[in-house]
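A.B. asks: Here is the input, now give the coordinates:
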Amino acid sequence: MSKLSGSCLCGSVRYETDAEPQMLAICHCSHCQKATGSAFSMNLGVAGDSVHMTGQPTVYEDVGTSGQPVLRMFCGKCGSAIATDAKAFPGVLFLKAGTLDDVSGLKPNLEIWTDSAQPWVTLCTETQKFPANPG
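C.D. replies: Got it, this is the predicted structure:
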């Protein structure tokens, strides 16, 4: 696999990883909708210790339905969501897939919180679907 890299809109925060993605999940939860200002968030799950970031993202500490912290990282300059560190998934960092330098090969394989999906969103036909977080 080739190196994955990406950045926020203004380029102040960049990241790269050589890790093989564990998943490309679409999340329809209400928190992701608010954090992205969109109907869902596309999240590329990789080994957190494999990600090298330059620049300093701002971190907002949210709380997931598990009761555990969800650290939402974004650029303090341009506001782009960069990554999420959900403590309920130890060792995994969820990069916001739209921030990748090359998005041409993206194909989601999982959709979560489908019970919260906007009614006008057409769900992907080839993905595993979960009404909330997978067990």
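A.B. asks: if I pick the residue nearest to the spatial centre of the chain, what's in contact with it?
C.D. replies: Centroid check for the chain by CA atoms, centre = their mean gives Asn43 as the closest residue, at 2.9 Å. Residues near Asn43 by CB atoms under 8 Å, 6 or more residues apart in numbering: 23-27, 84, 94-97. C-beta here means a position set from N, CA and C on the backbone, and glycine is covered the same way.
A.B. asks: Test my guess that Ala97 contacts Gly45.
C.D. replies: No. Applying CB atoms under 8 Å, one finds Ala97 not in contact with Gly45, separated by 10.0 Å.
A.B. asks: so what's in contact with these two at the same time?
C.D. replies: Here Ala97 and Gly45 share the contacting residues Leu24, scored by CB under 8 Å, 6+ apart.
A.B. asks: what about Gln33, which SS state?
C.D. replies: helix (DSSP: H, G, I helix; E, B strand; the rest coil).
A.B. asks: if we can go back for a sec, contacting residues around the closest residue to the residue nearest to the centre of the chain other than its chain neighbours?
C.D. replies: When the adjacent residues along the chain are set aside, Asn43 lies closest to Phe94, with 3.9 Å between them (CB to CB, 6 or more residues apart in numbering). By CB under 8 Å, 6+ apart, the residues touching Phe94 are 25, 43-45, 83-86.
A.B. asks: Which of the residues you listed fall in strands?
C.D. replies: Judged by DSSP state E, those include 25, 43-45, 83-86 as members of strands.
A.B. asks: For the closest residue to Ala132 other than its chain neighbours, grab the count of nearby residues.
C.D. replies: Using CB to CB, 6+ apart and skipping the chain neighbours, the partner closest in space to Ala132 is Trp113 (5.9 Å). Trp113 has 23 neighbouring residues, counting by other CB atoms under 10 Å.
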